[in-house]
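Colleague: Next one to model:
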Amino acid sequence: MDLTSDSASPLRIRVVSDGRAGIQNQALGLAEAVQRLRPADIEICRIGWRSAFDKWPSALKQPWMRDPASDPVLPSDGAPWPDIWIATGRASLPLSSRAVTAGPGRPFVVQTQDPRWRTDRFDLVVAPEHDGLSGANVVSILGSPHRITPVRIADAVAAFSDRLDPLPGPRVAVLVGGRSASHDLPPDHAARLADQIAGAVRAVGGSVMVTLSRRTPPEAEAILRERLAVVPGWIWDGQGDNPYFAFLGAADHVLVTEDSANMAAEAASTGRPVHLLPMVARKSQPKFDRLREALVTRGLARPFDGTLDFPATPRVPLAETDRAARLLLARYDAFRA
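Modeller: Numbers count the residues shown, from 1 in each chain. Predicted coordinates:
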């Protein structure tokens, strides 16, 4: 299907989220995938709600309840809407719903993630298949939309070459999440993981490239830093430019904690062998089990067993964001026809 356009004007895409990187990057990654298929200008908008109204149901929120620091996402008098509105996260839902009902000239409204709201309030919902969402306007993908592309990670590797080139191979990226509603990383578990990772890397004479999350508990972070420092590598201290993309690009293996669907999908998109690091379950989360099973079944990942015995042979990178972008443009063209 040819999704290019003869229009002289680029598409105008508005990306709407609360601005948190893990949330914003889903909408932005999908917008950038559309931009790779058709010329487009992307505008990034951050929105929030006044504390008194933040927990209110989405259906009851009104524009005047927004945090004054929010970007102006709704057009002022006479201003045009964007062509495509791509939003992610709970904070964006009331405004996405308003955009759908704006009348003539309104945008094509896309919501990523499971909105936990009626899907027919949006033109298209791009949701992880492990959420089990269905509907005529639902596109299910393995994992979540993201910004990982071969060009982006290659550029990042070049930008950090002075730190990465001296590291002995095989180089092992270690992507660590942390405490969430479903998972935890207590100190004793962090110690066991660190020792297993260090042992696996030492056994092959390699090195580590470690990035932690804002969700990583402080005690667990301190233990991971101390115990992984026994092997060559770079444990990012959170200062300066984030080497996350570079770590993915430079890795021969990627180890990622099972609590993050985003990081797992991003790791799988590189084509590198992905090892899923176990976390301590706080409650049953069948959707994480479904994601893990799907990645393993497709040969993209395996549970970490304390070794790196997962052949680093070429595998087809996961390209679900690009697939979602193609489907989005087909639906958009039908919407405008």
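Colleague: Quick check: can you list the domain ranges of this structure?
Modeller: If you go by automatic domain parsing, the domain ranges for the chain are 11-142+320-336, 150-303.
Colleague: Isn't residue 159 up against residue 247?
Modeller: No - if you go by C-beta atoms under 8 Å, residue 159 and residue 247 don't touch, sitting 12.0 Å apart. Backbone N, C-alpha and C define where each C-beta goes, glycine included.
Colleague: more neighbours, these two?
Modeller: Shown here are residue 159 and residue 247; by other C-beta atoms under 10 Å, residue 247 has more neighbours (27 against 15).
Colleague: So that one versus residue 174, what's the distance?
Modeller: 8 Å (C-beta to C-beta, to the nearest Å).
Colleague: Find residues that contact each of these two.
Modeller: Listed as contacting both residue 247 and residue 174 by C-beta atoms under 8 Å, 6 or more residues apart in numbering are 209, 211.
Colleague: For residue 173, give me phi and psi.
Modeller: Note on residue 173: its backbone torsions stand at phi -80, psi 130 [degrees, to the nearest 10].
Colleague: helix, strand or coil for residue 275?
Modeller: strand (DSSP: H, G, I helix; E, B strand; the rest coil).
Colleague: One more: residue 15?
Modeller: Here residue 15 is recorded as strand under three-state DSSP.
Colleague: burial measure for it, as a count.
Modeller: Residue 15 has 26 nearby residues by other C-beta under 10 Å.
Colleague: isn't it right up against residue 46?
Modeller: No - applying C-beta under 8 Å, one finds residue 15 not in contact with residue 46, separated by 9.4 Å.
Colleague: Identify the contacts common to the two.
Modeller: By C-beta under 8 Å, 6+ apart, the residues touching both residue 15 and residue 46 are residue 24.
Colleague: Please, where are all the strands along the stretch 151-300 of the chain?
Modeller: With DSSP state E, counting those that start in this stretch as the criterion, the stretch 151-300 of the chain has strands at 171-175, 183-184, 207-211, 233-235, 253-257, 274-277, 280-281.
Colleague: Serialize those to a markdown table and add fields for mean neighbour count.
Modeller: Below are those laid out as a markdown table (neighbours: other C-beta atoms under 10 Å):
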| stretch | mean neighbour count |
| --- | --- |
| strand 171-175 | 25 |
| strand 183-184 | 19 |
| strand 207-211 | 22 |
| strand 233-235 | 19 |
| strand 253-257 | 24 |
| strand 274-277 | 24 |
| strand 280-281 | 14 |
